[in-house]
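*Asks:* Can you look at this prediction? I've put the sequence above it.
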Amino acid sequence: MEDFPSSLYHLLSEVGILGLRYVEAHDKELIDTQAELDNIRELYNKVKEENEIINEQQEVLIECLAMMETKVEKCRAKLSTKKEKYIIA
């Protein structure tokens, strides 16, 4: 019967140690997860910024295209007028 208290004490010690190991492992996992989330957040913000730059550049390109289309139409009209003058003359 004397062994029972010491066995119980030993078992409780091991349970305590296992509990501490679990807490340490859990804390490490939380730290790793937080680091991964920070990396993902950083990548997300970088992609978001790059997307905004691309959208701004696209707007500029659309404006340039519209100006070029207007110039092409003016050149086409001038060329048509010159052709008509050449044919009439």
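*Replies:* Everything's here; your move.
*Asks:* Please identify the helix or strand for the residue most central in space within the chain.
*Replies:* What sits nearest the mean C-alpha location of the chain, by C-alpha atoms, centre = their mean, is Y44, with 2.7 Å. If you go by DSSP states H and E, Y44 is part of helix 3-88.
*Asks:* For that helix, what is the distance to the chain centroid?
*Replies:* 1 Å (C-alpha atoms, centre = their mean, to the nearest Å).
*Asks:* what does stretch 80-89 give?
*Replies:* The chain centre lies 58 Å from the centre of stretch 80-89; the measure is C-alpha atoms, centre = their mean.
*Asks:* Using CSV, write down the CA coordinates of it.
*Replies:* Output of stretch 80-89 as CSV, limited to C-alpha atoms (Å, rounded to 0.1, in the frame of the first residue of the first chain):
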residue,chain,number,x,y,z
SER,A,80,-9.7,60.8,-97.8
THR,A,81,-9.8,64.5,-98.6
LYS,A,82,-6.4,64.4,-100.3
LYS,A,83,-7.5,61.4,-102.3
GLU,A,84,-10.6,63.2,-103.4
LYS,A,85,-8.6,66.3,-104.4
TYR,A,86,-6.2,64.0,-106.3
ILE,A,87,-9.0,62.2,-108.1
ILE,A,88,-10.8,65.5,-109.0
ALA,A,89,-7.6,67.1,-110.3
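*Asks:* what mean pLDDT would you report for that stretch?
*Replies:* Mean pLDDT, stretch 80-89: 80.
*Asks:* Could you list the low-pLDDT ranges of the chain?
*Replies:* 1-2, 89 (pLDDT under 70).
*Asks:* I'd like to know how far R76 sits from K82.
*Replies:* Using C-beta to C-beta, to the nearest Å, R76 is found at 11 Å from K82. C-beta here means a position set from N, CA and C on the backbone, and glycine is covered the same way.
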